[in-house]
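> need a structure here:
(one chain, ligands or ions: 1)
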Amino acid sequence: MTTNNRIFLSPPHMSGREQYYINEAFETNWIAPLGPNVDAFEQEIADYSGVRDAAALSSGTAALHIALQLLEVGKGDLVFCSTLTFVASANPICYLNAEPVFIDSEPDTWNMSPSALQRALEEANRIGKLPKAVIVVHLYGQSAKMNELLSLCNQYDIPLIEDAAESLGSTYQGQPSGSLGKFGIFSFNGNKIITTSGGGMLISNDEEALRKARFLATQARDPAPHYQHSIMGYNYRLSNLLAGVGRAQLQVLDERVESRRAIFDRYKVALGGIDRLHFMPELAGTKSNRWLTALTVDEEENGIKLPELLKALADQNIEARPVWKPLHMQPLFAGSLFYSHNDESCVSEQLFQTGLCLPSGSSMSLGEQQRVITCIEESLMTVSPQSR
Ligand SMILES: *Cc1c(COP(=O)(O)O)cnc(C)c1O
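You can find the predicted model right below:
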């Protein structure tokens with residue numbers, strides 16, 4: 001009988017070196033926001049990502065908000081955004097009173113469909129209302145088709161923001177995720193591949209823009225001794241303590257990527273022979289950090305359905321989740337425009353109906369992973385033994 005400890009989807013995994021940086025901050029009394037860890041963490045992320053500069057912020061959401069503000073997104077403007085993602089990808093569009101337009105996924109990467117983007121751009125151009133920005137998400141660590149998406153954006157001279165919150169450590173044709181667009185954003189939320197308990201980063205080759213990002217993120221204080229403000233700012237910087245945690249985490253990022261990829265591979269070896277299961281693909285020329293192992297379950301007559309499989313896992317105290325509910329299906333965004341992959345299929349809706357994410361934490365033991373595998377095997381077997 002296996003013990004029934006809870007297996008989490010993606011719990012924090014400390015390296016052991018975090019305490020060193022925190023102690024150092026305490027000993028030097030750099031408890032105040034900003035300080036040497038923030039500067040160093042920014043430099044280290046910029047180096048890792050191969051970009052000129054990085055600004056440490058309080059969350060990935062804040063980084064998206066600032067990126068959109070830097071692109072002068074305002075009231076009534078359109079911003080195109082991947083639909084299959086976490087709500088944080090689109091909320092900042094609404095913070096600025098702009099309107100999101102959602103773009104479907106394509107089957108090869110589950111990310112933004114270039115053909116849907118092309119139709120959306122053509123139509124927007126026809127009515128003379130092109131978007132101010134396009135936000136492209138790299139879902140569960142898998143890069144979107146950046147060449148195609150960038151060339152469409154370039155055609156209309158529209159800046160592309162990479163929401164790389166889930167893809168730190170991934171690459172696209174050898175280039176670090178987040179470094180290909182005008183801006184890239186990362187998240188260090190507690191469930192991400194590395195964490196500061198909460199935090200984010202805005203990266204870019206535009207150093208002038210990132211100087212402005214730091215200005216906006218510290219209440220937009222003009223250079224005067226008497227606290228003068230000409231425009232509205234935010235309190236969005238990362239604290240020096242948390243940046244210390246981030247520095248220690250970044251040192252083990254590559255190990256974390258390899259652990260998560262190994263977890264994906266073990267799931268695939270154990271379960272890949274089941275006809276009804278299809279693992280998230282990895283596009284040629286890309287390397288995914290496999291933040292979460294995602295797969296789909298074919299809907300079959302007499303076969304177990306996704307909700308039953310999720311329930312079987314929950315009953316075994318295993319945290320698994322459906323894939324993100326597409327944003328164009330959310331009550332929050334009812335009435336927003338949406339462009340599907342093509343006339344016949346809405347890829348994101350299909351993925352939502354059939355897709356799930358399995359526990360993928362880099363600290364998960366082999367025994368814990370086996371518990372997940374056994375649970376899935378047994379669930380699928382009880383309904384249709386032939387399908388194994
Ligand atoms: C986590 C996440 C964010 C938001 O990051 P926070 O640091 O939690 O604000 C944005 N986009 C995607 C795709 C995410 O997964």
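
> So which bits of the stretch 151-300 of the chain are right by the ligand?
Counting by Cβ under 6 Å from any ligand atom, the residues of the stretch 151-300 of the chain close to the ligand are D163, A165, E166, S187, N189, G200. Placement of C-beta: from N, CA and C, glycine included.

> The second one - nearest residue in space that isn't next to it in sequence?
The one in question is A165. Using Cβ to Cβ, 6 or more residues apart in numbering and skipping residues adjacent in sequence, the residue nearest A165 is S187, 3.7 Å away.

> State the phi and psi torsions of that neighbour.
Torsion angles at S187 (phi, psi; degrees, to the nearest 10) stand at phi -120, psi 140.

> what's the answer for G355, then?
Dihedral angles phi and psi of G355 (degrees, to the nearest 10) take the values phi -100, psi 150.

> my read: it touches L295, true?
Yes: the pair G355 / L295 is scored as a contact, 6.9 Å apart, by Cβ atoms under 8 Å.

> sorry, back to before: export the residues of the stretch 151-300 of the chain next to the ligand as JSON lines, with columns for pLDDT and neighbour count.
Putting these into JSON lines (pLDDT from 0 to 100; neighbours: other Cβ atoms under 10 Å) gives the following:
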{"residue": "D163", "pLDDT": "98", "neighbour count": "30"}
{"residue": "A165", "pLDDT": "98", "neighbour count": "29"}
{"residue": "E166", "pLDDT": "98", "neighbour count": "26"}
{"residue": "S187", "pLDDT": "98", "neighbour count": "29"}
{"residue": "N189", "pLDDT": "97", "neighbour count": "20"}
{"residue": "G200", "pLDDT": "98", "neighbour count": "27"}
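
> Can you add secondary structure and give the residues you listed back as CSV?
Converted to CSV, those look like this (DSSP: H, G, I helix; E, B strand; the rest coil):
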residue, secondary structure
D163, strand
A165, coil
E166, coil
S187, strand
N189, strand
G200, strand
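
> Domain map for this structure?
18-250, 253-383 (automatic domain parsing).

> Can you name the residue of the stretch 51-200 of the chain nearest the ligand?
Nearest residue of the stretch 51-200 of the chain to the ligand, counting by Cβ to the nearest ligand atom: G60, 2.7 Å away.

> That residue: what's its closest spatial neighbour, skipping adjacent residues?
Distance criterion Cβ to Cβ, 6+ apart; nearest residue to G60, sequence neighbours excluded, is S187 at 3.0 Å.

> just the strands in the stretch 101-250 of the chain please.
With DSSP state E, counting those that start in this stretch applied, the stretch 101-250 of the chain shows strands at 133-137, 160-163, 171-172, 175-176, 183-187, 200-204, listed in chain order.

> Nearest to the ligand within the stretch 251-388 of the chain, name that residue for me.
Using Cβ to the nearest ligand atom, W324 is the residue of the stretch 251-388 of the chain that sits closest to the ligand, at 8.0 Å.

> any idea where the helices of the chain begin and end?
Counting by DSSP state H, the chain forms helices over residues 18-27, 36-49, 60-70, 91-95, 114-126, 146-155, 207-217, 240-250, 253-271, 306-315, 347-354, 366-383, given from the N-terminal end onward.
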